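K.L.:
model the structure of this input:
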Amino acid sequence: MRASLIIKNTRREVFPMRTDFRSFERFKRMRERARTLLKHGFLVFFAIVLGLLVSCSKGAQTPDAKSGTAETVGRGETVTVTDIHGRSVQVPVPAKRIVAVGGGALRLIVYLDGVDHLVGIERIERTPNPAKPYQLSYLEQWGELPIIGQGGPDPKPDAEQIVAVEPDVIIANLDVAQADALQQKTGTPVVTIGYEALGSFDDTLYDALRLIGQLIDREKRAETLIAWIETTIKDLDARTQTISEASKPRVYVGGLSFRGAHGMNSTSSDFMPFRLIHAQNVAGELKVGGVISVDKEQLLNWDPDIVFIDLSNLHLVQNEYIQNRSFYDMMKAFQNKEVYGLFPYINYSVNIETTLFDAYGAGKILAPAAFQDVDLDRKATEIFAAFYGDRGSEIYAEMQSAFGGFQKIVLP
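P.N.:
Numbers count the residues shown, from 1 in each chain. Sure thing, here's the model as predicted:
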C-alpha cells in the first residue's frame, strides 16, 4: 500500500505546468526518486514475507528422521527421505493421500493402520484372496477406490489415473528405473520400500515400516509393531535354540507361490518359519535365495521325514499326487502320512503375520515338547491382533474357513 501511495503522489508532480530546462531536470530527479522508493517498498515487503515464512518453518520442524530416512526439512511442508534404493525424495509430511504400487506396499500400509489414507488401489487388490490376510475385512472399504494400475509381478502403474486421484506420495515396491519414471510421469514423489528376503526380520523390513510410519504419521504404531515382532522372534528362538541337530526331523516345504502358483517342487532354502525355529530344512544345503524350483530326483534324494505344504497351493499338490502317486509314495513323509499344511506364506510378497504363525504351527509338529504350552488358536488371536487390531480375530476366522488349520493333510 505504501508503494502505491508513493506512486500516486509522485504522479501528481511528474507533469509540470512549465516546460523549461529546470522543470525538466526537476522532473527527472523526481522520477528517479519514485523508482527508488518503489524498489525499496517491494524489498521491504519481500523481507517481511520471507521473515514470516522462516519463522513458521522454524516453529514447525520435525525431529531428525529415523532409520535411513535422512534429513528433516519441516513438518507440514516437506521432508527429505531416503528410500530403499538410496533415492533422496522430498515428500509432504504427514501425507494425507497415498497410493500403493507393487508387492507388499499395501500390506505394510495396512499393518500400520493406514487404509484411510488410500485414494486409489491396484486392480489385483480388488480380487478377494484369502492368501492375502491384509485384504480380508478391508475389501469393502477400498472396493470403491479408483484403479491406479494392474498390480502383480509387473504392476504397470497407470500414471494418468494416479495423477487423477491426486496422492501426496506414491509408496512403491519398484526398481530405481521404474520409480524414477513414475515420479517423472506423475510429478508425485515416489518412495520405494521392500522386504524381498522372503520375510527376513531385519532392517529392510523394519526400515520400510518406519519409513511408511513417518510418511503417514504412524511412527509410534511402527515402533510398537517392530517391538512386538522382535519379542515374538525371541520367544521362538528361546524355545528351539538348544534342540540338538541329531534329534531334529528333516523337513521340506512345497507349494510356495512366487509370481504365481506352484506345486510340490516350489520351495525355499531359507524358509523363514523353519529358520525361526531352527528346523532342519533339507533344501538349506542349496543356499539359494528366494523361492526356487527343485526336480523330482532331488526330492527323492532328500527323502524328508516331514513335509509341509503351503495351503494356498494344496490343490496343485493334490493333482500332482493323483497323477504320480507312485513317485510321492516313495518318500518317507508320504509313506508315514507326515504331510501337514501351513498358512499361505507368500502371495504378492511375504505375509509377515502368517510367517510367525507358521513358525509356531510347525514348531508344535517338529518340537512338540518345546511348544506344549502353545494353544494355536490363542496364539493366532494374539498374532493377528498385533497386526490388525480388533479386525484380527475376524481375519483369522476367515483364513481358517478358507484353509483349515495346522493338521495332517489327507491326500486323495
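K.L.:
burial check on residue 194, number of neighbours?
P.N.:
Residues lying near residue 194 (other Cβ atoms under 10 Å) number 22. The C-beta positions use only the backbone N, C-alpha and C, and glycine is treated the same way.
K.L.:
so where is this structure shaky, pLDDT-wise?
P.N.:
Where the chain drops to pLDDT under 70, the residues are 1-76, 196-200.
K.L.:
show me the contact partners of stretch 281-295.
P.N.:
Applying Cβ atoms under 8 Å, 6 or more residues apart in numbering, the external contacts of stretch 281-295 come out as 196-198, 250-253, 256-258, 262, 265-271, 274-275, 302, 304, 346.
K.L.:
restricted to helices, list those residues.
P.N.:
For those, membership in helices holds for 274-275, 302, with DSSP state H as the criterion.
K.L.:
how about JSON lines for these, with distance to residue 350 and neighbour count added?
P.N.:
As requested, those are exported to JSON lines (distance: Cβ to Cβ, whole Å; neighbours: other Cβ atoms under 10 Å):
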{"residue": "274", "distance to residue 350": "14", "neighbour count": "25"}
{"residue": "275", "distance to residue 350": "13", "neighbour count": "20"}
{"residue": "302", "distance to residue 350": "24", "neighbour count": "20"}
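K.L.:
of those, just say which sits nearest to residue 378.
P.N.:
residue 274 (22.7 Å; Cβ to Cβ).
K.L.:
the nearest residue to the closest one once chain neighbours are set aside pairs with what?
P.N.:
Ranked by Cβ to Cβ, 6 or more residues apart in numbering and with sequence neighbours excluded, the top spatial neighbour of residue 274 is residue 281, at 4.6 Å. Per DSSP bridges, the residues bridged to residue 281 are residue 251.
K.L.:
look up how far residue 133 lies from residue 281.
P.N.:
From residue 281 across to residue 133, the span is 24 Å (Cβ to Cβ, to the nearest Å).
K.L.:
quick one: which of the two has more around it?
P.N.:
Neighbours were counted for residue 281 and for residue 133 using other Cβ under 10 Å; residue 133 has more, 29 against 23.
K.L.:
surely that one touches residue 399?
P.N.:
Yes - here residue 133 reaches residue 399: they are 6.0 Å apart, a contact under Cβ atoms under 8 Å.
K.L.:
can you list residues touching both of those two?
P.N.:
With Cβ under 8 Å, 6+ apart as the test, residue 133 and residue 399 both reach residue 354.
K.L.:
remind me which helix or strand residue 185 belongs to.
P.N.:
helix 176-186 (DSSP states H and E).
K.L.:
from residue 106, how far out is residue 168?
P.N.:
16 Å.
K.L.:
compare the two (neighbour count), which wins?
P.N.:
Using other Cβ under 10 Å as the criterion, residue 168 and residue 106 rank with residue 106 on top: 30 against 19.
K.L.:
surely that one touches residue 120?
P.N.:
No - in this structure residue 106 lies outside contact range of residue 120 using Cβ under 8 Å: 10.7 Å.
K.L.:
give me the common contacts of those two.
P.N.:
Taking Cβ under 8 Å, 6+ apart as the criterion, residue 106 and residue 120 do not both touch any residue.
K.L.:
residue 401 - how many residues pack around it?
P.N.:
Around residue 401 there are 9 residues (other Cβ under 10 Å).
K.L.:
try the one 3 residues further on
P.N.:
Close neighbours of residue 404, defined as other Cβ under 10 Å, add up to 13.
K.L.:
could I get the phi/psi values of it?
P.N.:
When read as degrees, to the nearest 10, the backbone of residue 404 gives phi 80, psi -160.
K.L.:
contact partners for it?
P.N.:
Contacts of residue 404 by Cβ under 8 Å, 6+ apart are 311, 341.
K.L.:
quick one: residues contacting residue 126.
P.N.:
When contacts are taken as Cβ under 8 Å, 6+ apart, residue 126 is in contact with 139, 143, 147.
K.L.:
now swap in residue 264 and tell me
P.N.:
Counted by Cβ under 8 Å, 6+ apart, residue 264 has contacts 254-255, 299, 309, 316-317, 320, 328.
K.L.:
what about 10 Å?
P.N.:
252-255, 294, 296, 299, 307, 309, 313, 316-318, 320-321, 324, 327-328, 331 (Cβ atoms under 10 Å, 6 or more residues apart in numbering).
K.L.:
in ChimeraX, select just the buried ones from these.
P.N.:
Restricted to buried positions by 16 or more other Cβ atoms under 10 Å, the ChimeraX selection for the contacts of residue 264 reads:
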select :252,253,254,255,294,299,307,309,313,316,317,318,320,321,328,331
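K.L.:
inside strands: which ones of the contacts of residue 264?
P.N.:
252-254, 307, 309 (DSSP state E).
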